[in-house]
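> Next comes the sequence, and after it the predicted model I'd like to discuss.
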Amino acid sequence: MAGKDTEAPKKSNTAGATSVPAATPGTAITTIPANRLANSPACLNCGTELKGPFCYYCGQPDKNLMRFFPALLRDLLEDVIDLDSRIVRTLKPLLFHPGKLTRDYLDGRRFRYVSPLRLYMFSSMAFFILATILASDIVVVGDGTGDGLQISIENENEQVSSELQKAVDGGSLSEEERKLIEEKLSQALALKGEDSQVPDIGATEPGDENHTNIMIGGKEWNRETNPFTMRGMPDFIIDWINDEIEDSPRKGHEIEENPDLIIDKMFDVLPIAVFVMLPLVALLFKFWYLFAGKYYVEHLIFSLHNHAFLFVIFILSLAVTNFASLLDPTETGQTTANASFIRTVLLAWIPVYLLVSLKTVYRQGWLMTLAKFSVIGISYLVLLVTVTSAAAILSFVLL
């Protein structure tokens, strides 16, 4: 039959795989058969007859690893350069042509671009890593002339620099500068828990670990007399909730003394929470475009692309802001003004981009697109607040 003509004949490799070829002048001795080192008429993976440089059945290229290292290094560089070129080809439409990336991907022009999931993972990881690195408290002290002192309160360091302390104690500063530095220093230390006036979270007295502000049935929670209960809920969940309520005063005092604890935990939870939110966002598009004749995966791809765009914009905004802070610590020069303008342009581009991308991908009239953009935006904000609140609660629980 014609179908059987395409099947490659099966070959036995048992004898060749175990035999050692005899050495000949100018030929290296190897335990691998010669037909496994040179171009083979059949795929070395599945045995299918080759019609080109790639196997049409399993996709394996007609290459082998038994080559000189420079040749392997060249192949590696080709892969990296090709990946870089795809990133460049992807970022241009992602940033400047709303909806084009999704439209091309759905129309079958996919190989030239980075896949939607990989693009989302790369951009979200880059954003959260950058945000975590830059999540430190900076206090800038100065008189507006650019000669101010900068105190950096690092996440793990609550010690005042000896140079600053000597300047304050030694009287080398003017009285006005001395008062300004002491005021800013006290504020910075208050942020780190030193003499802080922030109200207690979850307790009114530091020593009373059983006193909480959580009310159950109009009365304050108590593990023995007024615990949390709910009909139909498993006992282990009720016990876990009561354990968390009982432990909340301790966690509240730890957060008060070191706010970075909850911030760090939030950065651990948020990436997962946002990723879990993506299928729900795709459901929003599916609901509001129920009669558009599109599959759920198309809405999901559109959601991945738009979130990747948001992360890239946030990365650029963070980079511009912090680069300007390095060049202009007092934040009074032209560099800061330029950075503020760029940041405003970037943030203003977000709603315009999302609206145009909606019009490009779903191809409805502007009036209908504006209406759906509004309701989808409100629905998305409600979902985002819900997920963020859940992430904050989970972060507190995981402390």
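Nice, I can see it.
> what's Ala273 in contact with, if anything?
Shown in contact with Ala273 (C-beta atoms under 8 Å, 6 or more residues apart in numbering): Val387, Thr388, Ala390, Ala391, Leu394. C-beta here means a position set from N, CA and C on the backbone, and glycine is covered the same way.
> for the helix or strand the first one falls within, packing partners?
What that stands for is Val387. Per DSSP states H and E, Val387 falls inside helix 366-397. Helix 366-397 sits against helix 235-257, helix 260-288, helix 334-362, with contacts defined as 3 or more C-beta pairs under 8 Å, 6 or more residues apart in numbering; DSSP states H and E.
> Out of those, which is closest to Leu44?
Nearest to Leu44 among the helices and strands packed on helix 366-397 is helix 260-288; the distance by C-beta to C-beta comes to 38.1 Å.
> if you average pLDDT over the following helix or strand past the closest one, what comes out?
Next helix or strand after helix 260-288 toward the C-terminus (DSSP H and E): helix 296-327. When pLDDT is averaged along helix 296-327, the result is 93.
> swap in stretch 259-266?
Stretch 259-266 shows a mean pLDDT of 76.
> quick one: buried residues of that stretch?
Pro259, Asp260, Leu261, Ile262, Lys265, Met266 (16 or more other C-beta atoms under 10 Å).
> just stretch 280-299 next, same as before
Neighbour-count burial for stretch 280-299, with 16+ other C-beta under 10 Å as criterion, is recorded at Val281, Ala282, Leu283, Leu284, Phe285, Lys286, Trp288, Tyr289, Lys294, Glu298, His299.
> Assess the claim that the last one and Phe285 are in contact.
Yes: under the criterion of C-beta atoms under 8 Å, His299 is in contact with Phe285, at a separation of 3.9 Å.
> you'd agree Ile350 is up against Phe311?
No: the criterion here is C-beta under 8 Å, and Ile350 misses it with Phe311 at 11.4 Å.
> quick one, which of the two is more surrounded?
Phe311 (21 against 15; other C-beta atoms under 10 Å).
> Closest one of the buried residues of stretch 259-266 to Asn306?
Met266 (22.9 Å).
> Skipping its backbone neighbours, what lies nearest that closest one in space?
Spatial nearest neighbour of Met266, excluding adjacent residues (C-beta to C-beta, 6 or more residues apart in numbering): Ser395 at 4.8 Å.
> same thing with Asn322?
Nearest one to Asn322, counting by C-beta to C-beta, 6+ apart, is Leu134 at 5.8 Å.
> Please name whichever of the helices and strands packed on helix 366-397 is nearest to Phe127.
With C-beta to C-beta, the closest approach to Phe127 among the helices and strands packed on helix 366-397 belongs to helix 260-288: 8.8 Å.
> Give me the neighbour count for the residue nearest to Asn322.
Neighbours of Leu134 under the rule other C-beta under 10 Å: 13.
> how close does it sit to Glu331?
Counting by C-beta to C-beta, to the nearest Å, the separation of Leu134 from Glu331 is 15 Å.
> next one: Ile133
Ile133 is 20 Å from Glu331, where distance means C-beta to C-beta.
> Comparing these two, which residue is more hemmed in?
Legend: neighbour count by other C-beta under 10 Å for Ile133 and Glu331, higher for Glu331 (15 against 10).
> Pretty sure that one sits against Asn322.
No: judged on C-beta under 8 Å, Glu331 makes no contact with Asn322 at a distance of 11.7 Å.
> Ile237 versus Glu49, what's the distance?
Distance of Glu49 to Ile237, given as C-beta to C-beta: 61 Å.
> typo on my end, it should be Leu134
Leu134 sits at a distance of 38 Å from Ile237 (criterion: C-beta to C-beta).
> One more: Trp349?
Applying C-beta to C-beta to Trp349 and Ile237 gives a distance of 45 Å.
> neighbour count winner among those two?
Remark: of Trp349 and Ile237, Trp349 carries more neighbours, 15 against 11, as counted by other C-beta under 10 Å.
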